[in-house]
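Student: quick one, structure for this:
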Amino acid sequence: MIQNKYDSQARQKSLSNALPSTSSNLSLKKLSYLSTSVVFALSILANTAQADTTGAEDYRAPTAVDASAPIAALSKLTSIDDAKSLKVTVPTIQEFKTKAGVPVMFVQTTALPIVDVDLRFNAGSARDSSISKDGFGIANMTATMLEQGSKSLDEDAFTRAVETLGINLGSSAYKDMFIVSLRSLSDDKHLLPAVDLMTQMVSEPTFNDEVLARNKSRLLVGLQQQKQDPGSLASIAFDKALYGSHPYAHPSVGTLESVPTIQKQQLIDFKNRYLVAANASIAMTGNLTLVQAKKLAEDITTKLSAGQAAADLPEPKPLTKSQHIHIPFPSTQTTVLMGQLGSKRATNPTAQQQQTNFAVGNEVMAGGDFNARLMTEIRQNLGYTYGISGSMNPMLARGPYQIGFSTRNDKARAAIDASLAVIDDTLEKGVTQDEIRLTKDNLKNSFPMGFASNAGINGLLGMMNFYQLPNTYLADYVNRIDQVTLSGVNKTLRDTLNPDNFLIVTVGQDDPWKGIEATTKTTK
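Tutor: Numbering: from 1, shown residues only. Prediction:
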């Protein structure tokens, strides 16, 4: 459904950690780190291309533990202190190519009679303008309409076939990538007709004119409703100001001006140009043998046109000075989004180590639980917000680094200044060895949760194959964490972040930059 697709692109996620303040809280803290670690480890490993969000990928933030009120019984769990070092065995990844040259990563799992398949194309909304100048929303509309009928089955018949099989079959367009996903029972009775439907989606969509008109009308309603969401307004303004004329600047779903102009032929052109074998990769996880997996991959790709791989995206240019944008909005709260241009997805060992260094340091400074420095100062000490966090979102080109929170209108400027002061202090003085140690333990202990399910494994495989990462990427993850050093973390934080040049977007009743004196250090 088009509204569901819009909703799924309006969320942000984050998390964090830091060190215990007293020895009496140590056992509680250890449990807290274990319980909050899953999201952050996964966001490093499986962060897909960002849709139109201000955070990374699709993971929930954990429930923070208030260390100032420990549960007495936890202090008696001395077994935590005696826990042995974690030994991790990552899934065995098998790689092959189809006859059409499409790379496939496959993990066999036999615990459940289920198969997960991701067919990914280098074909996100960043390619919209290559089909039509200012044709924002073409990729998203193409993804929507793949689910709405093929040459063999009209919309109702296609939906009925999916529901009869009890499968999950869908498509989504993000800034970098276009994903067609399938989950089915692994027996031939279910899997073979499910793959046939998946193939029809990609190779024989109808793009019915009446359905297109209906989709456009519904999407326009959603875009009008978006004007009532301060978070969406902030995110759109942030991307536009940060990226300028770069393809990442526009919303993946399109705009009120661009959606009405989308035509059937543009969807056909997008499909013929980008949904091709030369632009595709496959991730597959489930109850299949290697022989069956190869046959399945051939069935999925046999009707794909050969085509050509998409051209490299241009690299965006970083801001050279701080910029403040205020959007008037009738609310008692001001939504704040600030940050800068971040990094692109690392594909070589040196760059991957640098991103791991940054991830560890950022977890200490801007993670999402009560132990992170920003959360401790801005929420607990100053009481300006219920929550504040920041994250890096690497993509094919340089993605954004963003910190977000909401606060009372009259506290917005003070909260912004205090946040910048925490960042400046962290960059100047660095994080501590204790913070690094606990964060590293956190990430390593949570790492196995990333492949605790078929869906988790397949998400990792899809990310790795899309970014052309070797299958040793998972096996080397713990080693990259072990290689993190205090000096490396602090240097990477200083080399990456420049708060003096932050873009700061506020959405609220009052402009924080007018009529209110700064209470702490302001941006230049």
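
Student: report the rounded mean pLDDT for stretch 204-214.
Tutor: The average pLDDT for stretch 204-214 rounds to 96.

Student: hey, where'd the strands end up in the stretch 101-250 of the chain?
Tutor: Assigned by DSSP state E, counting those that start in this stretch, the stretch 101-250 of the chain shows strands spanning 103-108, 114-121, 168-173, 178-185.

Student: put together a markdown table for those strands, with mean neighbour count, mean pLDDT and distance to residue 443 on each row.
Tutor: All C-beta spots, glycine's among them, are computed from the backbone N, C-alpha and C. Below are the strands of the stretch 101-250 of the chain laid out as a markdown table (neighbours: other CB atoms under 10 Å; pLDDT from 0 to 100; distance: least, CB to CB, whole Å):
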| stretch | mean neighbour count | mean pLDDT | distance to residue 443 |
| --- | --- | --- | --- |
| strand 103-108 | 22 | 97 | 22 |
| strand 114-121 | 25 | 98 | 25 |
| strand 168-173 | 22 | 97 | 28 |
| strand 178-185 | 22 | 98 | 26 |
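
Student: which one of those lies nearest to residue 90?
Tutor: If you check each of these against residue 90 by CB to CB, strand 103-108 wins as the nearest, at 9.5 Å.

Student: gap between the closest one and the chain center?
Tutor: Here strand 103-108 is found 22 Å from its chain centre; the criterion is CA atoms, centre = their mean, to the nearest Å.

Student: and stretch 111-131, by the same measure?
Tutor: Offset of stretch 111-131 from its chain centre (CA atoms, centre = their mean): 14 Å.

Student: which one of the strands of the stretch 101-250 of the chain lies nearest to residue 162?
Tutor: strand 168-173 (5.3 Å).

Student: partner strands of the closest one and their direction?
Tutor: Strand pairing for strand 168-173, determined by DSSP bridges: strand 178-185 (antiparallel).

Student: please point out which parts of stretch 428-437 sit buried.
Tutor: Going by neighbour count (16 or more other CB atoms under 10 Å), the buried part of stretch 428-437 is 430, 431, 435, 436.

Student: apologies, that question was intended for stretch 490-502.
Tutor: Neighbour count says stretch 490-502 has 490, 492, 493, 496, 497, 498, 499, 501, 502 buried, by 16+ other CB under 10 Å.

Student: pLDDT weak spots in the stretch 301-450 of the chain?
Tutor: Counting by pLDDT under 70, not a single residue of the stretch 301-450 of the chain qualifies.

Student: that older thread, any chance of the buried residues of stretch 428-437 in CSV, plus distance to residue 298?
Tutor: Below are the buried residues of stretch 428-437 laid out as CSV (distance: CB to CB, whole Å):
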residue, distance to residue 298
430, 53
431, 50
435, 50
436, 47
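
Student: can you list which of these are found in helices?
Tutor: Judged by DSSP state H, helices contain the following of those: 435, 436.

Student: what is the nearest of the buried residues of stretch 490-502 to residue 470?
Tutor: Looking across the buried residues of stretch 490-502 and measuring by CB to CB, the closest to residue 470 is residue 492, at 22.6 Å.

Student: which residues does that closest one contact?
Tutor: Contacts for residue 492 were tallied using CB atoms under 8 Å, 6 or more residues apart in numbering; they are 354, 357, 358, 361.

Student: that's a helix at the second one, yeah?
Tutor: Meaning residue 357. Yes: according to DSSP: H, G, I helix; E, B strand; the rest coil, residue 357 belongs to a helix.

Student: and the helix or strand hosting residue 281, which strands flank it?
Tutor: For residue 281, the element it lies in under DSSP states H and E is strand 280-286. Strand pairing for strand 280-286, determined by DSSP bridges: strand 103-108 (parallel), strand 114-121 (antiparallel).

Student: now the angle from the next helix or strand after it to strand 114-121?
Tutor: Of the helices and strands lying after strand 280-286 in sequence (DSSP H and E), the nearest is helix 290-301. In terms of direction (axes from the mean of the first three to the mean of the last three CA atoms, to 10 degrees), helix 290-301 departs from strand 114-121 by 40 degrees.

Student: need the contact partners of the helix or strand following helix 290-301.
Tutor: Downstream of helix 290-301, the next assigned helix or strand under DSSP H and E is strand 323-328. Residues external to strand 323-328 that are found in contact with it (CB under 8 Å, 6+ apart): 230, 233-234, 237-238, 241, 503-509, 511-513, 523.

Student: parallel or antiparallel, which strands does strand 323-328 pair with?
Tutor: Per DSSP bridges, strand 323-328 is paired in its sheet with strand 503-508 (parallel).

Student: quick revisit: can you select the buried ones from the contacts of residue 492 in PyMOL?
Tutor: Burial among the contacts of residue 492 is assessed by 16+ other CB under 10 Å; the matching PyMOL selection reads:
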select buried, resi 354+357+358+361
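
Student: quick one: which of the contacts of residue 492 is nearest residue 401?
Tutor: Out of the contacts of residue 492, the member with the shortest distance to residue 401 (by CB to CB) is residue 358, at 9.0 Å.

Student: contacting residues for that closest one?
Tutor: Counting by CB under 8 Å, 6+ apart, residue 358 makes contact with 343, 392, 489, 492, 493, 496.

Student: OK, contacts around the residue lying closest to the third one once chain neighbours are set aside?
Tutor: In space, residue 489 comes closest to residue 361 once its chain neighbours are excluded; the distance is 4.2 Å by CB to CB, 6 or more residues apart in numbering. Under the criterion of CB under 8 Å, 6+ apart, the neighbours of residue 361 are 426, 431, 489, 490, 492, 493.

Student: my guess is residue 361 is in a helix, correct?
Tutor: Yes: looking at residue 361 with three-state DSSP, it is inside a helix.

Student: from residue 129, how far off is the nearest residue to residue 312 once chain neighbours are set aside?
Tutor: Nearest residue to residue 312, sequence neighbours excluded (CB to CB, 6+ apart): residue 396, at 7.8 Å. Separation of residue 396 from residue 129 (CB to CB, to the nearest Å) stands at 16 Å.

Student: the more surrounded of those two?
Tutor: Neighbours per residue (other CB atoms under 10 Å) separate residue 396 from residue 129, with residue 396 holding more: 21 against 16.

Student: now the helix or strand harbouring residue 458 and strand 103-108, what's the angle there?
Tutor: Assigned by DSSP H and E, residue 458 belongs to helix 454-466. Orientation of helix 454-466 against strand 103-108 (the same axes, to 10 degrees) gives an angle of 160 degrees.

Student: contact partners of helix 454-466?
Tutor: For helix 454-466, the external contacting residues (CB under 8 Å, 6+ apart) are 42, 45-49, 91, 93, 103-107, 109, 112, 114-118, 120, 122, 176-177, 179, 183, 281-286, 449-451, 469-471, 473-474.

Student: rerun that using 6 Å as the cut-off
Tutor: Residues outside helix 454-466 that contact it (CB atoms under 6 Å, 6 or more residues apart in numbering): 45-46, 48, 91, 103, 105, 107, 109, 114, 116, 118, 120, 177, 281, 283, 285-286, 450-451, 473.

Student: closest to residue 400 out of the buried residues of stretch 428-437?
Tutor: Among these, and counting by CB to CB, the member closest to residue 400 is residue 431, at 22.2 Å.

Student: one step back: could you work out the most separated pair of the contacts of residue 358?
Tutor: Across these (CB to CB), the longest gap, 15.0 Å, separates 343 and 489.
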